[in-house]
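K.L.:
Predicted model follows, preceded by the sequence.
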Amino acid sequence: MLILFTLFLATILFPAVLRNKKHALFVNIASFAVVFVAATVFVFSGRAYAEAAVSDLALAAAFIGAGLVTGLGAIGTGIAVSSAAAAAIGAISENESNFGKAMIFVAMSEGIAIYGLLISFMILGRV
């Protein structure tokens, strides 16, 4: 629901910017970050919660954080692999001796998802 609201907000506020795909992605991510921070501040600013509600909110925040770490790590990996793998295929097609160097860069970009998954396990391990 939050993502749909930010898409709606970005479409209304910046219609001319959304014609370019890169600018549309930037506006969408920036508006999502602003709305997410505002929602987080709104949720955690109340001081009238009981102890059980605070622990429930902390548990919910841990699950949201673990999900965000895994999801954003996978998105970052997809972006990195799309560029690195295309360049690696081109380099290998020109000279087969570049295979080892090209695979190092593809494997480095795959590490982003593994690091995200490790951090989410660390977050969930503390819950």
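P.N.:
Structure's in. What do you need?

K.L.:
tell me what the biggest helix by length in the chain is packed against?
P.N.:
Longest among the helix segments of the chain by residue count, using DSSP state H, is helix 51-94. Secondary-structure packing of helix 51-94 (3 or more C-beta pairs under 8 Å, 6 or more residues apart in numbering; DSSP states H and E): helix 21-44, helix 99-125. Using the backbone N, CA and C atoms, a C-beta is placed for each residue, glycine as well.

K.L.:
Next, the angle helix 51-94 makes with the last one.
P.N.:
In other words, helix 99-125. 170 degrees (axes from the mean of the first three to the mean of the last three C-alpha atoms, to 10 degrees).

K.L.:
before we move on, the earlier item: which one of the helices and strands packed on helix 51-94 lies closest to Ala74?
P.N.:
Among the helices and strands packed on helix 51-94, the nearest to Ala74 by C-beta to C-beta is helix 99-125 (5.3 Å).

K.L.:
Quick one: list the elements packing against that closest one.
P.N.:
The helices and strands touching helix 99-125, judged by 3+ C-beta pairs under 8 Å, 6+ apart, are helix 51-94.

K.L.:
wait, doesn't Ala84 sit right on Ala107?
P.N.:
No - look at Ala84 against Ala107 with C-beta atoms under 8 Å: they stay out of range, at 9.2 Å.

K.L.:
Compare these two and say which one has the larger neighbour count.
P.N.:
Ala84 (19 against 11; other C-beta atoms under 10 Å).

K.L.:
can you pull the pLDDT of the more buried one?
P.N.:
Looking at Ala84, its pLDDT is 87.

K.L.:
how near is it to Ala61?
P.N.:
Per C-beta to C-beta, to the nearest Å, Ala84 is found 33 Å from Ala61.

K.L.:
low pLDDT regions in this structure?
P.N.:
Along the chain, segments meeting pLDDT under 70 span 1-21, 23-25, 27-28, 31, 35, 38-39, 41-54, 127.
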